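1. Got a sequence here, can you build the structure:
(2 chains)
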Protein chains: 2
Amino acid sequence: MNSTDGLCSRDLDSVIKTKMSALGIDLGGTKLSAAVVCEHKLVSETRQLPTPSGAQNIIASILELIDHFRGEHLLAGVGIATAGIVNAQTGEVVGSTGNLPGWEGTPIKTIIEGRTMLPVHVENDANAAAYGECRAGHLEGKECIVAVTLGTGIGVGIVLKGQLYRGAHWAAGECGHIRISMDNRRLCTCGLWDCWEAYASGRGLKATAEEMVAGLRPDQSQLAHAACELDTRTIVQAAKNGDTVAKRAMLLWHEHICNGLVCLAHTLDPDCFLVTGGLSQVVDFPLLRELVADRTLSRVCEKLEIHPSILGEAAGMIGAAYLVLDSVVERIGH
Amino acid sequence: MNSTDGLCSRDLDSVIKTKMSALGIDLGGTKLSAAVVCEHKLVSETRQLPTPSGAQNIIASILELIDHFRGEHLLAGVGIATAGIVNAQTGEVVGSTGNLPGWEGTPIKTIIEGRTMLPVHVENDANAAAYGECRAGHLEGKECIVAVTLGTGIGVGIVLKGQLYRGAHWAAGECGHIRISMDNRRLCTCGLWDCWEAYASGRGLKATAEEMVAGLRPDQSQLAHAACELDTRTIVQAAKNGDTVAKRAMLLWHEHICNGLVCLAHTLDPDCFLVTGGLSQVVDFPLLRELVADRTLSRVCEKLEIHPSILGEAAGMIGAAYLVLDSVVERIGH
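-> Numbering: from 1, shown residues only, chains lettered A, B, ... in the order given. Got it, this is the predicted structure:
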C-alpha cells in the first residue's frame, strides 16, 4: 500500500477483505467438496462429487463446480486444497499422493485460471485447514499455530505469525512421517517404518486394535467378532460399551497421538495445537493434554494449548478460499 | 532505513556491518570462552575461564572478560551464548539448565549493560551457534537452516530466512527432548523418557556402549576393560581399532542421530542440517546421509543437505557477537 493514500485504501482493504467471496474446494481421495466462503464461513450449500480417477476428470469436475457456483455468486477467486505436496507458487502437486493417481505434475493453477479467468490458489490440504483455522480463530498474531489433521493419515499445517510455513521444498508439515519408534515395528503406506501416522491416524488405530485382538475369543472382546472388518467406528463404540480391549486400544491411540505432538512441541514451541479432521471428534482432549504434559519439558508445555478444531470439516475449504482472497487483496493493495 | 537517503546510508551500513567488532562469549557448564569477532571470524586470542558456581560469580567472570578485551579492542557490543532457555528480548535465562545452578532468572542483559554501558544480546547457545553458522556461510537467503549441536546433550537452532526462530515461549529447538522411542527404555537427565539426547548425544553414545558391554569379557571387547570409565573418546578409538562392539555402538549412535533428524526433516523441510559441537568431529557424514535418505520421504530428502559445521567450536561466540552487531546496525539504520 502506498503510504500517501493510507487511511483511505486501508478502509477499502478492510471492506474488500470482509465482503469478498471465493469458492473453496477440498479435494480428497474419495470426495470433492466445494462451497462459497465469506467472512470465515460457508455462505452456500456444500456440493460434493465423488473424486473421479485421472487428472483430466478431476479438472473437469472442478470446472463443473466452479461453473455451478459462479451462476449464483460473485467469486473473487478459487482456492483448492488438495492431498499431496504442493508448490503453492506454481499451483502444482509436486509430491505424489497415493490416493490420487496421475494427479502429480498437473499444472492445476495454470489450467483452471486459463479456463475460468479467475485467480486460483492451490494448497496442500493440511496447510489449507491450518490457515482456515487461524483466520477464523483470529490467531494471526500468534507466533506459532500447528493444526494436526487426524484422518485416514495425518497432515500437519504450521502457521507462523499468520503465514503458512511451507519449508525449503514445499514439504514442511509432512509430520505424518515423523519416526516415533526405533524398532521397525509397523510399516507405513509410504514405505517407511514406524511413521507417526502408522500409529496415530485412523489406519493406525485400526492396526493397533487388530494386533490386540489377534487370537482373542469373542467372549474376551467384542472386537474379536469383527476382527476381519474392524473400523474406527466399531472400536470407538466398543470402548464406549466398556470393552476392555477397545478401551486399551483407544488409550494406546492417545499415547501415539501424544508422541508426535511431543516431537512438534519441542521443535516448534507452538502457542497452540489445533486437532482437526474426522477423527478429532473422538479424541479425549483432557487425556491428551495430560499425556502431553507428562512427556514434555515444563517450560514447553506450561503455556501450550491443545484444542479441537473450530471449523470442523469446512477448514480446508475455508482456508483455501482465504488463501486466494488474501492474495487478491494483496495485489489490489500494492 | 529512510528511502530518501537510500544509497548513502546503505553504504554506511555495509561498512559498519563488516568492520565493527563485538565480544562473543560462550558460557557452558564447565568453561567460559570469549574472543573478539569481526568479519565472521575471531580476531583476538580466545580467553577461557572455568565456569564459576553461582550467578554472581559468573557475572563477575563475564565482566572480567569484557574488561580484558576492552583494553585492546573497540567493542560495539557483547553477545553472550548461554545454556538454558533464554528470553532474547529481556536477556534473561527463563528455563533451568542443570549445569548452571542459580543461573535461571538472572537479568544478565540488564546487569551487564548497566555495568559496561555496552549493548548486550543474550541467546541460547544452540541458537547462537546456528546464527553464527548461517552468517559465516552466507546462508541468510535460505528458507530453513537447522544447526544441530552434538555435545554432552543436544541443542538445535532453527534459522528461517536468516532470522532465528525462537517459538512462542522461547523454547523452539529444544529438540534434544524429542521422544524417539515408545518404550520408556532410557531415562534422560531432564526426567523424561527416551529423549533424543539420551541416545544421540555423547552421554547417549556412552549409555549405548555401556548397555552393550555389560557382562562381556575383556577378550570379547576392548571396552569391557574400561566398562566403569567409558568415555566417548575410548569408544571412538576402540571402533577405529576394529573392536566389533565399539563399531556396533558407533553404528547405533548414527542411527540414533538419524532418527531425530528424520523428525526435524519431515517437520521443517530444511535446506540443510549443519552438525556442530564437539562430537560432530567423529560423525561419519556419508553414513549419516545414507541413513537419513533411507528413513525420509524422497521429496524431503532429495535436496536436503547434511554438512559438518563451518565454524567449529567458535560458532557460539561468533553467532552471539553477530546477534549484538546486527541489533546495533538495525538501531543505527532506522
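2. the strands in chain A, which residues?
-> Counting by DSSP state E, chain A has strands at residues A:22-27, A:31-38, A:41-42, A:47-50, A:78-82, A:85-87, A:92-95, A:120-124, A:144-150, A:154-160, A:163-164, A:272-276, A:305-308.
3. least reliable of these going by mean pLDDT?
-> Of all the strands of chain A, the minimum mean pLDDT falls on strand A:92-95 (a mean of 90).
4. buried residues in that one?
-> Within strand A:92-95, the residues that count as buried by 16 or more other C-beta atoms under 10 Å in any protein chain shown are A:92, A:93, A:95. Just so you know, the C-beta spots here come from the backbone N, C-alpha and C atoms, and that holds for glycine as well.
5. same question, stretch A:265-284
-> A:265-277, A:279-280, A:282-283.
6. Any idea how far apart the tips of that stretch sit?
-> In terms of C-alpha to C-alpha, to the nearest Å, the two terminal residues of stretch A:265-284 are separated by 19 Å.
7. Which among the strands of chain A is found nearest to residue A:112?
-> For residue A:112, the closest of these is strand A:120-124, at 4.7 Å, according to C-beta to C-beta.
8. can you tell if the closest one touches chain B?
-> No. Using C-beta under 8 Å from any C-beta of the partner chain, strand A:120-124 never reaches chain B; the gap is at least 11.5 Å.
9. which strands and helices sit next to that strand?
-> strand A:78-82, strand A:85-87, helix A:108-116, helix A:315-333 (3 or more C-beta pairs under 8 Å, 6 or more residues apart in numbering or on different chains; DSSP states H and E).
10. quick one: strands adjacent to it?
-> Strand A:120-124 has its sheet partners listed here by DSSP bridges as strand A:78-82 (parallel).
11. Any chance you could list what contacts the strand it pairs with?
-> Strand A:78-82 is contacted by residues A:22-27, A:37, A:62, A:66, A:91, A:93, A:97, A:100, A:103, A:108, A:112, A:116, A:118-125, A:127-129, A:316-317, A:319-325 when judged by C-beta atoms under 8 Å, 6 or more residues apart in numbering or on different chains.
12. what about the residue in the stretch 51-200 of chain A positioned nearest to chain B, how many residues close to it?
-> Nearest residue of the stretch 51-200 of chain A to chain B (C-beta to the nearest C-beta) works out as residue A:167 at 2.6 Å. Neighbour count of residue A:167, defined by other C-beta atoms under 10 Å in any protein chain shown: 23.
13. Likewise for residue A:230?
-> By other C-beta under 10 Å, 21 other residues sit near residue A:230.
14. Residue A:170 and residue B:269 touch, don't they?
-> Yes. Judged on C-beta atoms under 8 Å, residue A:170 makes contact with residue B:269 at a distance of 7.3 Å.
15. now whichever helix in chain A runs longest, how far from the chain's geometric center?
-> The longest helix of chain A (DSSP state H) is helix A:244-268. Once both centres are worked out by C-alpha atoms, centre = their mean, to the nearest Å, helix A:244-268 turns out to sit 18 Å from its chain's centre.
16. ok, now stretch A:260-269?
-> That offset, for stretch A:260-269, works out to 18 Å (C-alpha atoms, centre = their mean).
17. and chain A, what are its domains?
-> Domain assignment for chain A, taken from automatic domain parsing, gives A:3-133+A:314-333, A:139-309.
18. Grab the most central residue of chain A for me.
-> Centroid-nearest residue in chain A: residue A:126, 2.9 Å away (criterion: C-alpha atoms, centre = their mean).
19. Which residue is the nearest non-sequential neighbour of that residue?
-> Spatially, and ignoring its direct neighbours in sequence, residue A:126 is nearest to residue A:155 (2.8 Å; C-beta to C-beta, 6 or more residues apart in numbering or on different chains).
20. That neighbour touches residue A:146, doesn't it?
-> No. Contact between residue A:155 and residue A:146 fails when scored by C-beta under 8 Å: they sit 11.2 Å apart.
21. Does stretch A:259-269 reach chain B?
-> Yes. Stretch A:259-269 is in contact with chain B by C-beta under 8 Å from any C-beta, via A:259, A:262, A:263, A:264, A:266, A:267, A:268, A:269.
22. sorry, back to before: correct me if wrong: the residue nearest to the centre of chain A contacts residue A:173.
-> Yes. With contact defined as C-beta under 8 Å, residue A:126 reaches residue A:173; the gap is 5.9 Å.
23. and for these two, which residues touch both?
-> Common neighbours of residue A:126 and residue A:173, counting by C-beta under 8 Å, 6+ apart, are A:155, A:156, A:157.
24. how close does the second one sit to residue A:104?
-> Look at residue A:156 and residue A:104: by C-beta to C-beta, to the nearest Å, they are 20 Å apart.
25. Pick out whichever of those two has more residues nearby.
-> Taking other C-beta under 10 Å, residue A:156 and residue A:104 do not tie; residue A:156 has more neighbours (27 against 15).
26. Report how many residues lie close to residue A:286.
-> For residue A:286, the count of nearby residues is 9 (other C-beta under 10 Å).
27. what about the nearest residue to residue A:162 once chain neighbours are set aside, how many neighbours?
-> Using C-beta to C-beta, 6+ apart and skipping residues adjacent in sequence, the residue nearest residue A:162 is residue A:140, 3.4 Å away. Residues within reach of residue A:140, counting by other C-beta under 10 Å, total 13.
28. and the closest residue to residue A:270 other than its chain neighbours, what is it in contact with?
-> Using C-beta to C-beta, 6+ apart and skipping the chain neighbours, the partner closest in space to residue A:270 is residue A:144 (4.1 Å). Shown in contact with residue A:144 (C-beta under 8 Å, 6+ apart): A:158, A:159, A:160, A:268, A:269, A:270, A:271, B:167, B:168, B:172.
29. you'd agree the first one is up against residue A:172?
-> So the one you mean is residue A:158. Yes. Judged on C-beta under 8 Å, residue A:158 makes contact with residue A:172 at a distance of 6.0 Å.
30. Pull up the overlap in contacts between those two.
-> A:165, B:267.
31. Chain B contacts on the stretch 51-200 of chain A?
-> Counting by C-beta under 8 Å from any C-beta, the residues of the stretch 51-200 of chain A close to chain B are A:85, A:94-95, A:142-144, A:156, A:158, A:160, A:165-183, A:190, A:192-193.
32. how about 6 Å then?
-> Within the stretch 51-200 of chain A, the positions near chain B by C-beta under 6 Å from any C-beta of the partner chain are A:85, A:95, A:143-144, A:167-169, A:171-172, A:174-175, A:177-179, A:181-182.
33. Identify the residues contacting the nearest residue to residue A:299 once chain neighbours are set aside.
-> Counting by C-beta to C-beta, 6+ apart, residue A:299 lies nearest to residue B:95, which is 4.0 Å off, once chain neighbours are set aside. Counting by C-beta atoms under 6 Å, 6 or more residues apart in numbering or on different chains, residue B:95 makes contact with A:299, B:84, B:85.
34. again, only this time at 8 Å
-> By C-beta under 8 Å, 6+ apart, residue B:95 lies in contact with A:297, A:299, B:84, B:85, B:86, B:104, B:170, B:171.
35. For the last one, grab phi and psi.
-> By that I understand residue B:171. Dihedral angles of residue B:171 (phi, psi; degrees, to the nearest 10) stand at phi -110, psi 10.
36. now swap in the third one and tell me
-> Note on residue B:84: its backbone torsions stand at phi 100, psi 170 [degrees, to the nearest 10].
37. Please tabulate the helices and strands packed on strand A:120-124 in a markdown table, including the columns distance to residue A:252 and mean neighbour count.
-> Shown next, in a markdown table, are the helices and strands packed on strand A:120-124 (distance: least, C-beta to C-beta, whole Å; neighbours: other C-beta atoms under 10 Å in any protein chain shown):
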| stretch | distance to residue A:252 | mean neighbour count |
| --- | --- | --- |
| strand A:78-82 | 31 | 29 |
| strand A:85-87 | 30 | 24 |
| helix A:108-116 | 39 | 17 |
| helix A:315-333 | 27 | 24 |
